[in-house]
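Student: Pasting the sequence and the predicted model now:
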Amino acid sequence: MVELGSWVAQLRKGVVDLMVLRLIARVGDLHGYAIVRELRTRSGLEAGESTVYPVLRRLEADGLLDSRWVAADGGPPRKYYGLTAAGTGFLARAGAEWDALVASVETLKGEGGHGGPHEQ
Amino acid sequence: MAVRTSSEVEAFLGQVGEALEALGPDESREVVAELRALLHEATTEAGGDASAALAGYGDPRTLAARILEERGVHAGPTRIASAPVGTRLAALAVDVVLWVAALVFVYAVGGVTGGNAAYLGASSLVTGAGVALLAVAAAAGSIWWWVSWRRGAGTPTSGLALFGLRRIRVAGETRVVRTADIPGAVRPRRGWPAVMLVVSLGLVALLLSSLTQGSRAAVENDQNAVLADITTSVSLVTEAYRAVVTDGGEDRAAGLFGPSAASGLTDLLGRRDAGLVDAYTVREIGPDTQGRTFSDLAGAEGGRLSIPVTVCEHAGDRETGCYRYHVASVVTVDGRGGATGDWWIESVRRVD
């Protein structure tokens, strides 16, 4: 039997890319710590640093994000991430795919009447 | 609650950096620097509690594994040791032997093809172009092999395959390792590289043997050519003495002397009549004064030889004098690959 917690973790893992890109597109360039914090406060997504940070590295390696180091007061320099043109284009297409996927799930969910014993 | 100090953060970062070896030194350093900044932020927000900051990152090796997974980099074993130096050198030696054998083979094919084409009457332009094409093919093959070696292409060279080695890129550097040390790697077949090596060594040995025999034959040919010239020259001089001293055939002797040596014949006749020569011996024979041979000139555009022959005259048991004759020959090439030579005695002088 599939454990719910494990399934949810996989689901969240799949949407972190999209959420990070959307956050940066909406707020502007952010450093890694701020991205984790904003995801938590704005969306309620409990994605820890160990989840978000590897995704940031991959998005940068894939060319969807670029980065720059900025000197910080009283601490080590911060690395800020911003969307590239490729990232903007990808976000638009991925967002459309996501919307289509959600619409499909909602459509199936809305087909009531002949639902199974657990359908409400 | 345990309090973690910044040294624990550094220890955490050290473990992460070590586990990110597969990313390469530059990128792993950058990751560690970024994590240090993130942990500083988190520690500050946690009121200086590094423990709380680190909690969000979990196990350092797990974090490193996730980073590598997201980057599509497969670390596999932390480090695959390089193959022993001796084995790597042996593999390189095999590849060099195969490369040299290929060049020697192309050279031999080109030489045989060019030689046969010339023999069959093909123009020098055609044979030259053919040999040049083979040389270009050999050079292109050599460059391709070199580029493949430098790129560390997936397919191992024959030398590497023969010794069970492979070139891989680990942590941004190319390394030669034993295939057996790579998890899941398929061991390359060694049969064909071994066959190629044996055939190539045999081919090189055969060609070297031919070259050696050819060189030996060339030396013998040169020696034979010199002997032939000397024999002809000595025969001319001894024929002159036989005609004068033994047979009394002065007219026959006169045909062997050139105009510039006519006085030499007259002197010889005088010495015979004076009883100063009733026997003769060939004392010294030399090659052409400029080291050429009839064969050399016949293979070129012809020319002139001058071969010294020293004869000592005797009257009874007494040696009466020695004379150096220079035998000349004009070699004329007839344009059909043949040559003729006119031989005569061109000068005589007393040498004792």
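Tutor: Yes, it's here.

Student: Test my guess that B:Leu160 contacts B:Val177.
Tutor: No - with contact defined as C-beta atoms under 8 Å, B:Leu160 does not count as touching B:Val177 (10.1 Å). Yep, even glycine has a C-beta here, placed from its N, CA and C like the rest.

Student: Neighbour count: those two, which is higher?
Tutor: B:Leu160 (24 against 20; other C-beta atoms under 10 Å in any protein chain shown).

Student: Per-residue pLDDT of B:Thr157, please?
Tutor: B:Thr157 carries a pLDDT value of 76.

Student: Spatially, which residue comes closest to it, not counting chain neighbours?
Tutor: Spatial nearest neighbour of B:Thr157, chain neighbours left out: B:Asp95 (5.0 Å); criterion: C-beta to C-beta, 6 or more residues apart in numbering or on different chains.

Student: same question, B:Gly303
Tutor: B:Gly303 sits nearest to B:Leu297 (C-beta to C-beta, 6+ apart), 4.2 Å away.

Student: Give me the secondary structure label for the nearest residue to A:Gly32 once chain neighbours are set aside.
Tutor: In space, and not counting its chain neighbours, A:Gly32 is closest to B:Leu38: 5.1 Å by C-beta to C-beta, 6+ apart. Secondary structure, DSSP: H, G, I helix; E, B strand; the rest coil: B:Leu38 is helix.

Student: Can you get me a residue count around B:Leu38?
Tutor: As a burial measure, B:Leu38 scores 25 neighbours (other C-beta under 10 Å).

Student: that older thread, what helix or strand is the residue nearest to B:Thr157 on?
Tutor: B:Asp95 belongs to helix B:85-119 when elements are defined using DSSP states H and E.

Student: Relative to the whole chain's centre, how far out is the longest helix along chain A?
Tutor: Ordering each helix of chain A by length in residues (DSSP state H) puts helix A:85-110 first. The chain centroid and the centroid of helix A:85-110 are separated by 13 Å under C-alpha atoms, centre = their mean, to the nearest Å.

Student: repeat for stretch B:285-296
Tutor: Its chain's C-alpha centre and that of stretch B:285-296 lie 32 Å apart, by C-alpha atoms, centre = their mean.

Student: contacting residues around A:Ala61?
Tutor: A:Ala61 makes contacts with B:Arg71, as judged by C-beta atoms under 8 Å, 6 or more residues apart in numbering or on different chains.

Student: now with 10 Å?
Tutor: By C-beta atoms under 10 Å, 6 or more residues apart in numbering or on different chains, the contact set of A:Ala61 is B:Glu27, B:Glu70, B:Arg71, B:Gly72, B:Val73.

Student: Can I have the buried ones of the residues you listed as a PyMOL selection?
Tutor: Buried subset of the contacts of A:Ala61, written as a PyMOL selection, criterion 16 or more other C-beta atoms under 10 Å in any protein chain shown:
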select buried, chain B and resi 27+70+71+73
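
Student: Next step: the contacts of A:Ala61 restricted to strands.
Tutor: Among the contacts of A:Ala61, no residue falls in strands (DSSP state E).
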